[in-house]
Every structure is written in structure tokens, then in C-alpha cells.
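[1] Sequence and predicted structure below; questions after.
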Amino acid sequence: MWLSVLKFQRQRLHGAIRTVTGRSFRMSSTPVTAAAKDTGQQMQPAKYERQPNVLRKKLSSVVPGSVNLQVLGAGANGAPSAVYLFTDQSRYLFNCGEGTQRLAHEHKTRLSRLEQIFVTRNTWTTVGGLPGLALTIQDAGVRNVGLHGPPHLDTMLQSMRRFVVLKNLQMQTIDSTICGQFEDSILSVESVVLRSEEQPEKPVISYICKLKPRPGALNLVKCVEQGVPPGPLLGQLKNGQDVTLPCGKVVHSSDVTEAGETALSFVFIDVPSLDYLASLEAQSQHYKQLAASELTEVALVVHFSPPELTNHVEYGKFMDVNFSQCTQHIYLNSTRNNFSGYAAAHRIQYQLHQLAPQVFPLLAESVELQQSCPSTNLSHSLKKTKLEEIKEADIKSESKDAAKETDQGVVSMTSFHLRPKKGLDRTLESKLTPEEYVKEIHAVPGVSELLAQLETETKGCQATDDSYPRIIFLGTGSCIPNKTRNVSSILIQTAAEAFMLLDCGEGTHGQIVRLYGRERAREIMRQLQAVYVSHLHADHHIGLIALLTERQQLEPEPEQPLLLLAPRQIEPWLQFYNRQIESIADAYTLVANGELLEHPLTGEDVERLGIASMATCLVRHCPNAFGLSLTLRAQHEGAPIKITYSGDTMPSDDLVELGRNSTVLIHEATMEDDLVEEARIKTHSTISQAIQQGRNMQAKHIILTHFSQRYAKCPRLPSTEDMQHVAIAFDNMQVTVEDLRHYHKFYPSLLAMYAEYTEELEQRAVKRELKQERKRKLAPT
């Protein structure tokens, strides 16, 4: 009989789920939308918006069976510190530094179901990735996100509106110092506010998260004994709800279900400096009660605190006193975390390194990993650590094992399974496998022979180490970063101890750290004397704040502030950040690009850079978009070296005049030639248009960059004849004028290495052309 009862119950339950109310969900205490029937309006959202909302409503009352915490960034080598919590229904992000979106893309972490973001501080290290993330999730169809954290998050988003245009995404900011509790059907999040005596107006938020426990299994025998009829009442009892029978009798869920699981808690702690340590210690009783509670078990503490705090004696004592030995700890920003997680960038660099080691040097990060601990950091596969129910006598050995695991540090994709309760899992950790990367290209027919031929042709052609200028590409993609191409940034070494940046997209500082290593990166930050920002689209300047703050942290501080050449309209954003978030006013001197239209910049400010003059012109992209020309003191073939940079632009006559007789033209080439109409609509250039611009200005060498992210490796190139004096840029590529003379020799090997990828691009082009042909035939004449 009860088999039929169960079938009937399942049908009724599914029916009940399908007929949930149309009322929209709320984030924290702030209503996002109103129900159509409450407002009397006929709401007809688009299908792609409606589907996720329906699914969310269906699952809103279901306790998830799977809850995992995943390290996105471990704070190593310029990577952000960010943690992603995902369940069957919802996603939560804790902190969002620069590069978070890129790591999520690389490791296939879906952001389309992100609902809540929690940040511990209102500083660039924790919110620098928000602009890129917001644009990405908006494109993915997300319509509402809650943003929890310290005060002024709302005004910060407001100040970004000039370069972060959110037409369809609503970011609801919640001040966690006022609204200290968030709760949904999956978990509750309590905000713990830390303040320092020196800066009480700049609070830091730690978070205590408690999972809603899963109710025990329904005991059908007990249901019969209590007189519960088949139907939806069984489902309510199973979900932990008490019910009233038709006869008036109240049946408690606890009377007819088995014992439920112990609720798990996990904690995020951020103590940015010693000034906040006293405030943390004042919360000791609160954490002690949490650890001692019989209703919950503290499984994990995630530390966003910097290493100088986590290594402090008092900080360690606090953890020992207030958390049990069974609690595991993950230390983000630890010095033991020595891999950033950007494995795809290393993969393509190892492969390109086979072409020309001097042009495509191995990233210092991978070299340091091999030297420090080759057996565990490269191609390592670590076992799972299971947290089982343990006896009192086993506590010491268990805690030692847990300490040993965390002592190894964590990287991207280190996971902690909260439900089912399996604990720390290292099996999917991001890792490097250099031998596989190199084997991959040598396995392609003919590549080994072509590489050997290339080595013979270029023998003795390499530039010397003291050749300047040296052009280093830190980001060669457009719009948003992908696995292999970061957004726009070009480092120019004009002399032995002088650097300048052309554009400064998100993650620029991290790219420098991974390419050069931490020590050399600090030297470059000190020797960096100027930054040029071509226009105010987010992918060209979001990395600027990180650079300014990194330079300020150098000891001793640089003697001169950074010379910032940018559109004047960047000033309100920088002034807001200086006033409300962190002091950066003394870190730069702003010179508006428009001032260089009529009067090129000369004199002491540029001479210390090894530059004779800088001039700009307006280009055809967006309002206040500029091109730049640098005339250096260094010479090539008896004439001063002239470098022209297009920024983002359609073909521009003014740029041709500005760059007349350039030694090197660096020009954007966002689209392939078949997409000329799309390039026109988006005010960008195709590859052939960029090459023609160089020919028109009689440039000796052309470097193409700013490729659409659809071209992760090679773009579709014109004929070999057209590429004789043309180079295509890759991230972490560095060239001198001498190197550019021989770059065209790389193409046979390069195209053979990525033959499968370029063939795929050709097939896409054919399909696109067939689609356009069908449209033309169907169009009315």
C-alpha cells in the first residue's frame, strides 16, 4: 500500500512545486522586483530571463544535497583572494579582487547563477574585480545580485558608472555594518564588524556562515501511527515543517523523521593590520560560543588576513583558543601559496617559447615553482583529506594531518566539501605540466622540422640584452580577459631603469609579477615612471588603482609620483577613490591627453624616461579616445626611434599623420577581415585595416594587438606577403626593433603549431558566410 502512497506523494509534491507563487525573491531586506499581480502590471519578461527565475522558485524551499567551497584565487603572484561557494541552487562569492573573472573563466566556474557577493573590505584588493565581473555576469543573463560589505560600496559603484555601464544588471548594495544578517533557504550569514582605533570610519567585515541542516529521512511507519494521510502533508513533514491534520491534531516533523544532520558552520576572517587585532580579540566570546555550540560544528575557517597577521603570535593564539582542533584552516595570501592558478597562460608560453626563447620567455612564476619544489608544484596530484566523525582519542592525529595538508598551501580549485562532508579536496587543483605542453606541439606533424629550420634561420639574429626600447605585451585581448589573453596593457622599457605603460587593463600588476617574479616586479614598480591611458573604457584602465597602491607600498617610496597621461574625465573617479576608499592623491600627477594635441610634452618629465617628446591625436572610437606617438632618444638606422600607439580606433587619418614615418606602429586589430561591418559598428579595426594604416604612415614595423577574445591563440591572418613587416602580439611577448625584423620567419611554425585551431576559425568563417548568403537570398528584393 505504501508504494502507491509514495508514488502519489511524489506526484503531488511535483505538482505543488510547479504551482509555486509568482512572487519574486528578495535579497537581504531589499526588495528587487514586485510581483506582477501585486502591481497590476502585465509583466512579460524575455524567455532567457524567465527560465532561471522559474527554476530558482522551484528550488527555493529545497535544502541542497551538495555544498562545496572552492578557492578561485589564493592570493599568489598577483592573483586575487576569492572563494566561490556553490550549491545545487545558488552561488555565493566572497571577495572579488582583480582577475577573479579571468580565473572563473579559466576553471569553468559558472558565474551565471551568482546571487550574492560578500566583500570583507572596501579596498581595491577585495573589490577590484567587480567592474569586469559585473559586465561578464550581465552578458551571462544575471539580472540581480546582492553586494554585501562595508559602507560606500553603493557610491563606489555609482562613481564607476562612466566606464561600467550596467543596463540590465541591478546590483543591490547592503551595508553589513547596519544590516548584519543575511538569510535564505540555504544558509545564514552573520556579519562581524572589526574596527581600528586609528581608522574607525573604515570597518572590516568578517562573516560567519551557517548551513541550514538537512532534515532526517521520513519514517513512513511513524506517519501511519500518527494518522498522516497520503498527500502533500508528507512532503511538508519531510522538509521539517509541522502540520495540522484534518481532525485538528498537530504532528511535529521531529516525531516522524529520523535525526537530521548537525548544521555545519564556516567562517571568513579578515584582519588587514595589527590595528584591527584588538577588535578581533574583543569578539573572542562570540567565536568561542559558536565553536562550543551543540547545534553546529565549525568545519572551516578561511583567512583573508595577510601573512604578517596570520604569522603573528596573538593571531595564532586567538585561533587556538576559539576553534577546536577539528576545525580546518585555509590561508589565502599565505607565502606557501606559490601558484596563481593561471595555467593556460603558462601552457601557451611554454609552446611559444619553442619558437624564440628571447621573444617568448618562460614566466618567472613557473621557473620559481620548479626551483622551489618541483615534485609538488608541477604536475602534482594530491589525495583527498576526509573529515570523518572521529573519536576523542583520534583528535590529535587528525589535527596534525589537517595541519600538514594546509601547510602545503592552496591554489585555484582547492575545494572543501561541506555536504557531503568530505573536507579538503586537492584532486582538481590547478597545476602545471610543462612536458605535456611541449609534447602537444611536437606531436603535430611537421612542427619539429619547422622549428629546427627556424632555429637555423634566426641563429645570431637575437637582440642583445641591452637593446632598447623593449616592448613587453602584458595584455593583448579586448573587452574582457580570457584564459590566454588579458586585457590591454603594454610595458615599454625605454632605458635600463625606465619603464612606461600604454594602457593599464585589469590584472596588469599581476601580469608583471608572474612574468618577472616578485622581486623584479618590485623593481619595475619603482622604475615605472609614466602610465598612458588611451580612453576610459574599463578594459584599458581598471588596473591603474592597483599600480598606484603597489607603488605607494614600496619602501622607501619612489622619489617622483607617477606621470599619468589620461583623458581629463578620469579625474572624478580617482578623486572619489582617494576621498572615500584609500589615499592615492600623492601617487600620481595627471596630465590630460587633450593638452598634448597642440603642444607635445617635452622637458624633464619625459627626458628621464629616455623620451624626447610625446604627442597625441583624437581617434575614431568613443568620446575622448586618443592615439599616442613617442619619439625616443634611442636611435635605429641613424634616426630617433618613433613608436605610435593607436589605442582603440577605426582607421583614422589623424593617427596616420601623427605616426608618419614611425619605426613601430602598435595598432589594434580587433576583428578578422570578414567582420568589417561588425568592426565598423563597434568602432574598431580589422587586421587588414590596421596593416593599411601602417603602410599609409610608412611605418617600418607593425604590431597587431587588442584581438577579440574569440581569437584565444591566432587570429585569421591575411596572406604571407601581407605579413612581411607585421607581428601579432601575444601576452608576455617582448620584442625589440631588431626582433621585429625577423618576426615574419615565425609564421610557418606558428601556424603549423596551431593548425587545428586555425582550421576551426576557417570553418567558422565558412559557416558565417553561408548564413549571410541564406539571409541575402531570403531578403525581399
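    Ah, there it is. Numbering: from 1, shown residues only.
[2] counting contacts, what elements does the top strand by length along the chain pack onto?
    The longest strand of the chain (DSSP state E) is strand 626-636. If contacts are counted by 3 or more C-beta pairs under 8 Å, 6 or more residues apart in numbering; DSSP states H and E, strand 626-636 sits against strand 489-495, strand 611-618, strand 639-645, helix 653-658. (C-beta placed from N, C-alpha, C; glycine too.)
[3] tell me what the third one is packed against?
    Taking 3+ C-beta pairs under 8 Å, 6+ apart as the contact definition, the neighbouring helices and strands of strand 639-645 are strand 626-636, strand 664-668.
[4] Just want the angle from the longest strand of the chain to strand 611-618.
    150 degrees (axes from the mean of the first three to the mean of the last three C-alpha atoms, to 10 degrees).
[5] would you turn the helices and strands packed on strand 626-636 into JSON lines with distance to Met753, mean neighbour count and mean pLDDT?
    Below are these laid out as JSON lines (distance: least, C-beta to C-beta, whole Å; neighbours: other C-beta atoms under 10 Å; pLDDT from 0 to 100):
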{"stretch": "strand 489-495", "distance to Met753": "24", "mean neighbour count": "24", "mean pLDDT": "97"}
{"stretch": "strand 611-618", "distance to Met753": "36", "mean neighbour count": "21", "mean pLDDT": "97"}
{"stretch": "strand 639-645", "distance to Met753": "28", "mean neighbour count": "22", "mean pLDDT": "97"}
{"stretch": "helix 653-658", "distance to Met753": "33", "mean neighbour count": "19", "mean pLDDT": "98"}
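[6] Mind putting the ones you listed into JSON lines with distance to Arg113?
    Formatted as JSON lines, the helices and strands packed on strand 626-636 follow (distance: least, C-beta to C-beta, whole Å):
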{"stretch": "strand 489-495", "distance to Arg113": "31"}
{"stretch": "strand 611-618", "distance to Arg113": "42"}
{"stretch": "strand 639-645", "distance to Arg113": "40"}
{"stretch": "helix 653-658", "distance to Arg113": "43"}
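[7] tell me the pLDDT at Glu604?
    At Glu604, the model reports a pLDDT of 86.
[8] which SSE is Val192 in?
    Val192 belongs to strand 187-194 when elements are defined using DSSP states H and E.
[9] deepest of the helices and strands packed on strand 639-645, which one?
    Among those, the stretch with the highest mean neighbour count (mean count of other C-beta atoms under 10 Å) is strand 664-668, at a mean of 29.
[10] Mind giving me the packing neighbours of that strand?
    strand 639-645, helix 687-696, strand 701-705.
[11] And the strands in the stretch 451-600 of the chain?
    Here the stretch 451-600 of the chain has its strands, by DSSP state E, counting those that start in this stretch, at 470-475, 489-495, 498-504, 528-532, 562-566, 588-592.
[12] distance between the strand holding Val192 and the chain's centre?
    The chain centre lies 24 Å from the centre of strand 187-194; the measure is C-alpha atoms, centre = their mean, to the nearest Å.
[13] which helices and strands sit right next to it?
    strand 181-183, strand 204-211.
[14] got the contact list for it?
    Defining contact as C-beta atoms under 8 Å, 6 or more residues apart in numbering, one finds that strand 187-194 is touched by 118, 148, 176-177, 179-183, 203-212, 270-271, 276, 279-280, 283, 286.
[15] how about that strand: buried residues?
    If you call a residue buried by 16 or more other C-beta atoms under 10 Å, then strand 187-194 has these buried ones: 187, 189-192, 194.
[16] quick one: strands adjacent to that strand?
    Using DSSP bridges, strand 187-194 pairs in its sheet with strand 181-183 (antiparallel), strand 204-211 (antiparallel).
[17] Let me see the contact set for the closest residue to Trp573 other than its chain neighbours.
    In space, and not counting its chain neighbours, Trp573 is closest to Ser159: 5.6 Å by C-beta to C-beta, 6 or more residues apart in numbering. Neighbour list for Ser159: 572-573, 576-577 [criterion: C-beta under 8 Å, 6+ apart].
[18] repeat that for 7 Å
    By C-beta atoms under 7 Å, 6 or more residues apart in numbering, Ser159 lies in contact with 572-573, 576.
[19] got it, and Leu300?
    Here Leu300 is in contact with 69, 266, 327-328, 330, 416 (C-beta under 7 Å, 6+ apart).
[20] Specify which member of these is nearest to Pro558.
    Nearest to Pro558, judged by C-beta to C-beta, of the contacts of Leu300 is Ile330 at 34.8 Å.
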